[in-house]
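**Student:** coordinates for the following, if possible.
(5 chains, ligands or ions: 4)
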Amino acid sequence: MSTFLQQLVNGISLGSTYAVFAMGCTLIFGVLNIVNMAQGAFFMGGAYFGLEAARLGLPAPLALAVALAGGGLLGMLSELVIFRTLRARGGHRWMGLVASLALARMMIGLAQEIFGTQVQRYPASDLMQISWEIADVRIQLLQVVLLLVSLLLMALLAFVLQRSSIGRAIRTVAFSEDVARIVGVPVGRTILATFFLAGALAGAAGMLLGNLFNVVSPFMGEQMLVKGLTVIILGGLGNVPGAVAGGFLLGLIEVFSVAYVSSSFRDAIGFGLIFVILLVKPNGLFSGFEERRA
Amino acid sequence: MLEGISLSVPTGSCVCLIGANGAGKTTTLSAICGLVAASSGDILLEGQSIRRASADVIVRRGVSLVPEGRRVVSNMSVEDNLLVGAYTRRDDQVGADLESVYRRFGRLRERRKQFAGQMSGGEQQMLAIGRALMARPKLLLLDEPSMGLAPQIVNDIFRTIREINAAGTTVLLVEQNARKALSIASYGYVLESGGIKLEGQAGDLLKSPQIVAAYLGSA
Amino acid sequence: SETPVNIGIVQATSGGSAALYGLMQKNGAELAIDEINTSGKLGDYKLVGIHQDDAGDRGQSVNIFQRLINQEKVAVILGPTLATSAFAADPLAQKAGVPVIASSNTAPGITDMGDYIFRTSPPESMVFPGVLAYVKKKYSPKTAAQIYGIDDTLMKSAYAVHKKALESEDIKIVATETFQKGDVDYSAQLTKIKAANPDILVIGGLAEETANIVRQARQLGIPPSTVILGANAAISNKLAELAGATADGFTVGSGWFIQYDSPKNKAFVEAYRKRYSSDPDNFAAQAYTSVYVVADAVKRAGGVSDLKKLRDAIAATKDLEANNGSFSFDAHREPAVTPKVLVMKGGKFILAAD
Amino acid sequence: MSAWISQFFASYSNIIDLCLLNSLVGYGLFLALSANMFSLATGGFMALGAYCSVYCTMELGFPFAPAVFAGALLAALGAAAIGAPVLRLRGDYFMLATFAFTEVIRVIALNWDSVTGGAIGIFSIPRHTETWHLALAVAVVIYVAYTLRRSYFGRAIAAVKQDDVVAQSMGVNVFMHRLSLFIASGFICGAAGALAAHLNYFIGPGDFGLVRSVDALTYPILGGVNALAGPLIGAIFTTLLPEALRFSNQLREILMGALVVAIVLYLPGGAMSVFKLRWFGVRAGETKLAAATEQAQS
Amino acid sequence: MIGVQLEVWKIAKRFQGIVAVDSISFVAAARQVTGLIGPNGSGKTTTMNMITGLYPADAGRITLDGVPLTGSPPHQVAARGVARTFQNIRLLADQSVLANVTLGTHLGHRRSILAVLARLPGVAREEREAEGRCRSLLDELRIGHLAEVLAGNLSYGDRRRVEIARALATRPRLLLLDEPAAGMNHSEKEQLADLIRQIKASGITVLLIEHDIDLVSKVTDHIVCLNFGREIAEGTPAEIRNSPAVIEAYLGRDEAA
Ligand SMILES: Nc1ncnc2c1ncn2[C@@H]1O[C@H](COP(=O)(O)OP(=O)(O)OP(=O)(O)O)[C@@H](O)[C@H]1O
Ligand SMILES: Nc1ncnc2c1ncn2[C@@H]1O[C@H](COP(=O)(O)OP(=O)(O)OP(=O)(O)O)[C@@H](O)[C@H]1O
Ligand SMILES: [Mg+2]
Ligand SMILES: [Mg+2]
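**Tutor:** Ligands and ions are numbered 1, 2, ... in the order given. Have a look, this model is predicted:
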């Protein structure tokens, strides 16, 4: 029983890192409908920003703010350098994929140059070490914080997207820039703000994960990007609660397939399941109905 | 595609623009609200040039467009489509205006939670008009607002345009239904091959034999 | 005038975690080349290192091998970083008759590719049984759990070696778990292992992975009485840095370690620190040794005009003074070194007291 | 002179082979992309082709050609099998499902030691693939693509790509068209996998993962999805780039990224759109359009 | 080309609780023009979508010359000789007008893929014929000069013409037109009316959805009027224009003649 509970805790804490990162992804991939493969690099960048801040002796919340801002700035940079130009020149969505992959590559190379190739860790702080043992189940303070942060961010973001005029503006821009202009939405600024938001979420996720698992490396974003994409598609593109639910789901699937089947088939089980889910729900688990019509 | 068009829409008036397919009517409206850049000439709004202003700035200054082909945001609900129409507004009258759009188009109220993309053609047209009204524009540009609407609704639409105009909004109307358009407009321009071919008081145009033959048909 | 001896150094310095090992080896090799050239011990011969980065991509490794062999006319190739690259590229050198000396490939079958293929990195099978024997003697464990990287050639073969050694020592394997490159969370596997309550835990992972597994294992409450053993590749300064105090008691075997007490080694560590302002690891040391092996062979072969002769000279390397004592190749062109058992204590590897 | 050529070939033959091999994969993806199928199944298809053909040559003693065919066929069968359910999915959902396929194949390859050798892979594979095999395969695929593009089949595919409702309403069996392209793409990728396996003595599961699939997509996209030569140009460019930039050592990754970004930004229609750039101030194709619209107004 | 008779019997369609078509039955007689009118959202386009197989009908039956059509996917319906235009114009925007129209000839090609790959002589001939026919269709619709223009650059009215040309290129036996006159002015509508009469004269059955009651009256033989997914009136144009139900629900007082 305690093993089961421990695995549940493991799954939820892994899932919450996926969830925070996936929220940023769903903003860009789902809501804005832009393929930005550099999202994983913002995640990595955020972790390094946070790391440097922590090494300068900033307290954890402030370091998190630095990671957030850093990730956000990187996001804005990618919009300004790549996507804005591509849009202006009528590039295809797929070109964004190639360009952002290349951007991610540059950022990884740059991180290697600046911080070295090796994995680094956050300075050990007492706060990070706190953990409890309840009925033989270990829970870290950090895990709880991460869970709360992901739920809070979800509530906030879902509200902004669904209920506020900013959310409507973003969705309108994503549908058609011309339509957005017609109703007076400043297209460029809105997209830039969305990129900031998505980058900030990625950066925050990077720092949280870096703290929880003690791994900051130039390559940390690559696998996370894959997880993030999986999660947002699983949860239904552009659906913020879906991304969060999908994050927890993926975390739990992974942990439980290790726990009760076999760790060597973890990914096969995970992806096999996703395959089946997609066949049953072709627009993701939490999709509404088809909005297009003939 | 357009060459040397000059037209003026006095404050508070209702001016109508007619012409054959491909004459350049849509392009004219697009140029006014900043969607396409005019390659020469100037566009003045209340005496100030808006030729180089970006579309969102123009909208903020009170220009609102009902675009050709509806262009509703298909993956957003009807209500959100209307609310995004009021994006530039910061006053507290938005709710009241929403109510008045719903009063005008009962169908939209029934379907406020439905995705706009799932609406029928005519319902989308109502939505596009409603969205433009939500901005409370000073200048309303309408590109074939009656397209795809049932006759009864068409009459409603023209009545609405007249009311809005009477309430002080300046209207520039592009219509294929020239007879109806000229009957509510005060002044009209006829566009052909990217240039203005004829202009005059709406009443005079309605009687012009040329216009009757080409655009009105015998009633 | 000087006769150049071109030495191809095929090490990944970009493109993923391979770069970590590649960079170290490149550093070690270049340090050795410069030392030898300034010492003038090769007389008219001057070693010229030609480093090429294959980014850990074996398509590129093959491209590089072709060019080094046919265009640069290298006398010997050091590398490549990854065993998968070696399997693809080494046959070219074998065919062309150019000796290859690997200093990080520890997978089985490397030297089976042909008589021109050598390595200075002791394969896991040479190292681990000694480590296990030591642990068995000291703690007499009955049960073991294994965790290894299933998608890594190196770790997959390390796993097989570990398993065989455990079986031959009659230690029961109560749990076998795997992970993949890029994983950061091992808690699911470790929770399972904790439930199986093994006496020892054997990790088949690279240094960074191992560090995290060790740390998370302790965090999840796997008790200090469970001794943790690692693979040869886990030996790195990173381990202590990443795992902190939780790494205490971590046990590994190695052909080389930084505190090895010999004048040659002290000089190497000193020179390395001075030049790169960081500590060398065993990959750097093995690459360093490789260059000395080449230099020695060039001398004995009397030049590089005949690569067959050079190969024979390399194969005949015997009792060469190296930074880990004396170095020889065995009949299979594998390093004949006596591995040492190291235990982590207070952030440092120390020689295990028997 | 001939000495120079043989020296050149000895030094660079693997690069040439890789260019051709990647082009072949690129054309496999080109077909899929031409019907809007953003497929990440490439890695899986190549793995099927590679392992199957190696099994045929090394275990069953097949000659080379039948072994390659068997590999390609198995990949095509794989495409047919997953095609039916997966082709119902749209856009990114399709992408994820094909990626899931690749991952499942990779994990199977990692675990099925007796056939695939697990992570250690299979080495000492006989080297059968010659440069002319690859060149021939690329030539055949280009011919097929070229001929089909200009036929009613090509028009139907173009319609499927942009609006499948329209295509259906004009009598195009959208599902069958997409499925046959997907199978063709699987066949080509499988053949490429088989050829790759017999090129470099060694295969392992790491060769066929996500990276492989994404790289394969970038060839046609970077080259230009609307031009037949796109995949060729894209593949050659991406294969040569790391070699050409080798001088830059540590900065290589950064330079490579920057170059690709620059190309995408300056040629947003792909590298092949360089031919549509303004030469002499006039854009190819533009004059025609302007003339036509002028007429329209008179 | 011999037009077919379309029979629609008690078809229904609902979307998540919205009843789009409740129960509709009508017959579009062979080689005649039948009008389908009704207020916005009354289910006209949905009916057309069910006929063409884009939406499966929830209930009811659709037949062509007595042979059931219900349940066939759209491409099979097209193969039976049913062609349509779309109310929300659906052209391939980045392709030329000619390419858009030539797509309509898809079903006309008899040569197999293998023949295409082998470049048999018949293939090229077929292609040439198809292109020739499409060009003459464009000329008929007075947009021949726009053949090479990208469809996305056309004005609204011209796009409608391309839609019609594309549908005609399929050599239909039943042509479904969804508001073809939207966006056209008076004289353009006159031309369209002539075209519809010509189409009828060539023996094609036409089902016409249109809000311009004058146009509908001019060209149709028979009109069906819907409201809230049900049929409220049926008859000749004159009968419909005078039907109180139609006036009440659809035309409004001013339009009644
Ligand atoms: N992006 C473009 N590129 C080239 N030509 C264009 C473009 N947009 C419009 N045109 C051309 O400009 C001319 C005017 O088009 P416009 O859409 O303004 O006509 P319109 O008067 O609104 O016609 P309609 O009544 O059919 O809507 C047309 O001939 C059209 O082909
Ligand atoms: N896919 C869909 N999902 C939900 N509701 C739909 C869908 N398609 C149509 N509807 C609804 O069904 C009703 C009938 O739509 P339809 O398009 O058939 O109307 P119509 O008679 O063609 O109207 P119009 O003259 O305005 O084009 C409308 O109220 C519409 O909102
Ligand atoms: Mg227009
Ligand atoms: Mg309709």
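**Student:** switch to C-alpha atoms for all contacts and neighbour counts from now on
**Tutor:** Fine.
**Student:** nearest spatial neighbour of the closest residue to chain B within the stretch 101-250 of chain A, skipping sequence neighbours?
**Tutor:** Closest to chain B within the stretch 101-250 of chain A is A:Gly184: 3.9 Å, counting by CA to the nearest CA. Excluding the flanking residues, the one nearest A:Gly184 by CA to CA, 6 or more residues apart in numbering or on different chains is B:Asp56, at 3.9 Å.
**Student:** hang on, that neighbour in a helix?
**Tutor:** Yes. Assessed with DSSP: H, G, I helix; E, B strand; the rest coil, B:Asp56 lies in a helix.
**Student:** ok, now which ones touch whichever residue of the stretch 151-298 of chain D sits closest to chain E?
**Tutor:** Using CA to the nearest CA, the closest approach of the stretch 151-298 of chain D to chain E is made by D:Gly171 at 4.0 Å. Residues near D:Gly171 by CA atoms under 8 Å, 6 or more residues apart in numbering or on different chains: E:74-79, E:106-107.
**Student:** where is the longest helix in the chain?
**Tutor:** As the question left the chain open, I've gone with chain A. Looking across chain A with DSSP state H, the single longest helix is helix A:187-213.
**Student:** look at chain D instead
**Tutor:** The longest helix of chain D (DSSP H) is helix D:2-34.
**Student:** how about it and chain C, touching?
**Tutor:** Yes. Judged by CA under 8 Å from any CA of the partner chain, helix D:2-34 comes into contact with chain C at D:7, D:10-12, D:14-15, D:18.
**Student:** redo those as a markdown table? Include distance to ligand 4 and pLDDT.
**Tutor:** Output for the residues of helix D:2-34 next to chain C, formatted as a markdown table (distance: CA to the ion, whole Å; pLDDT from 0 to 100):
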| residue | distance to ligand 4 | pLDDT |
| --- | --- | --- |
| D:Gln7 | 71 | 83 |
| D:Ala10 | 68 | 82 |
| D:Ser11 | 67 | 83 |
| D:Tyr12 | 63 | 87 |
| D:Asn14 | 61 | 89 |
| D:Ile15 | 58 | 92 |
| D:Leu18 | 55 | 94 |
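**Student:** closest one of those to chain B?
**Tutor:** Of all the residues of helix D:2-34 next to chain C, the one with the least separation from chain B (CA to the nearest CA) is D:Leu18, at 44.5 Å.
**Student:** measure the residue of the stretch 151-298 of chain D closest to chain E to D:Ala159 for me?
**Tutor:** Distance of D:Gly171 to D:Ala159, given as CA to CA, to the nearest Å: 11 Å.
**Student:** list the backbone torsions phi and psi for A:Gln140.
**Tutor:** phi -90, psi 150 (degrees, to the nearest 10).
**Student:** got it, and E:Leu207?
**Tutor:** phi -120, psi 120.
**Student:** which strand residues bridge it?
**Tutor:** Beta-bridge pairing for E:Leu207 (DSSP bridges): E:Thr34, E:Leu176.
**Student:** ok now do it, which residues does it touch?
**Tutor:** E:Leu207 makes contact with E:28, E:33-36, E:174-177 under the criterion CA under 8 Å, 6+ apart.
**Student:** same thing with B:Gly188?
**Tutor:** By CA under 8 Å, 6+ apart, the contact list for B:Gly188 reads B:15-18, B:182, B:199-202, B:205.
**Student:** can you say which of those are buried?
**Tutor:** Neighbour-count burial (16 or more other CA atoms under 10 Å in any protein chain shown) applied to those gives B:15-18, B:182, B:199, B:202, B:205.
**Student:** tell me who's in contact with the residue nearest to A:Gly184.
**Tutor:** Applying CA under 8 Å, 6+ apart, we find B:Asp56 in contact with A:181-186.
**Student:** the spatially most central residue of chain B: what secondary structure?
**Tutor:** Chain B has B:Leu142 as the residue nearest its centroid, 0.9 Å off, counting by CA atoms, centre = their mean. Here B:Leu142 is recorded as strand under three-state DSSP.
**Student:** ok, it touching B:Arg70?
**Tutor:** No. Using CA atoms under 8 Å, B:Leu142 and B:Arg70 do not qualify as a contacting pair, with a distance of 10.6 Å.
**Student:** so where's the chain shaky on pLDDT?
**Tutor:** I went with chain A, as the question did not name one. Across chain A, residues meeting the criterion (pLDDT under 70) sit at A:1, A:126-127, A:287-294.
**Student:** I was after chain C.
**Tutor:** Scanning chain C with the threshold set as pLDDT under 70 gives C:1, C:354.
**Student:** just the strands from it, written as ranges.
**Tutor:** Taking DSSP state E, the strands of chain C run over residues C:3-10, C:45-52, C:76-78, C:100-102, C:117-119, C:143-149, C:172-179, C:200-204, C:227-230, C:251-254, C:320-322, C:325-327, C:340-345, C:348-351.
**Student:** ditto for chain B
**Tutor:** Secondary structure of chain B by DSSP E: the strands cover B:14-19, B:44-45, B:48-49, B:63-66, B:139-143, B:170-174, B:187-192, B:195-201.
**Student:** pull the contacting residues for B:Glu163.
**Tutor:** Applying CA under 8 Å, 6+ apart, no residues qualify as near B:Glu163.
**Student:** swap that for D:Ala65, sorry
**Tutor:** By CA under 8 Å, 6+ apart, D:Ala65 has no neighbours at all.
**Student:** tell me the secondary structure at it.
**Tutor:** Using three-state DSSP, the structure places D:Ala65 in helix.
**Student:** quick one: it and D:Gly71, what's the gap?
**Tutor:** Taking CA to CA, one finds D:Ala65 at 10 Å from D:Gly71.
**Student:** and B:Leu44, by the same measure?
**Tutor:** When CA to CA is applied, the distance between B:Leu44 and D:Gly71 equals 69 Å.
**Student:** identify the bridge partners of the residue nearest to the centre of chain B.
**Tutor:** With DSSP bridges as the rule, B:Leu142 is bridged to B:Val66, B:Leu173.
**Student:** what separation is there between it and B:Glu123?
**Tutor:** Distance, B:Leu142 to B:Glu123, by CA to CA: 16 Å.
**Student:** all helices for the chain, in order.
**Tutor:** Reading this off chain A. Counting by DSSP H, chain A has helices at residues A:2-25, A:39-55, A:60-78, A:84-88, A:93-115, A:126-129, A:141-163, A:165-175, A:177-182, A:187-213, A:220-235, A:240-260, A:266-280.
**Student:** chain E, not that one
**Tutor:** Under DSSP H, chain E gives helices at E:44-51, E:74-79, E:97-103, E:113-118, E:121-140, E:156-169, E:186-201, E:213-219, E:237-242, E:244-246.
**Student:** likewise chain B?
**Tutor:** With DSSP H as the definition, chain B shows helices at residue ranges B:25-32, B:55-60, B:78-85, B:94-104, B:106-110, B:121-134, B:151-166, B:178-184, B:202-207, B:209-211.
**Student:** any buried residues in the longest one, and which?
**Tutor:** Pointing back at helix B:151-166 there. Buried residues in helix B:151-166, counted by 16+ other CA under 10 Å: B:151-158, B:161-162, B:164-165.
**Student:** in chain B, what residue lies closest to chain D?
**Tutor:** B:Ser193 (5.0 Å).
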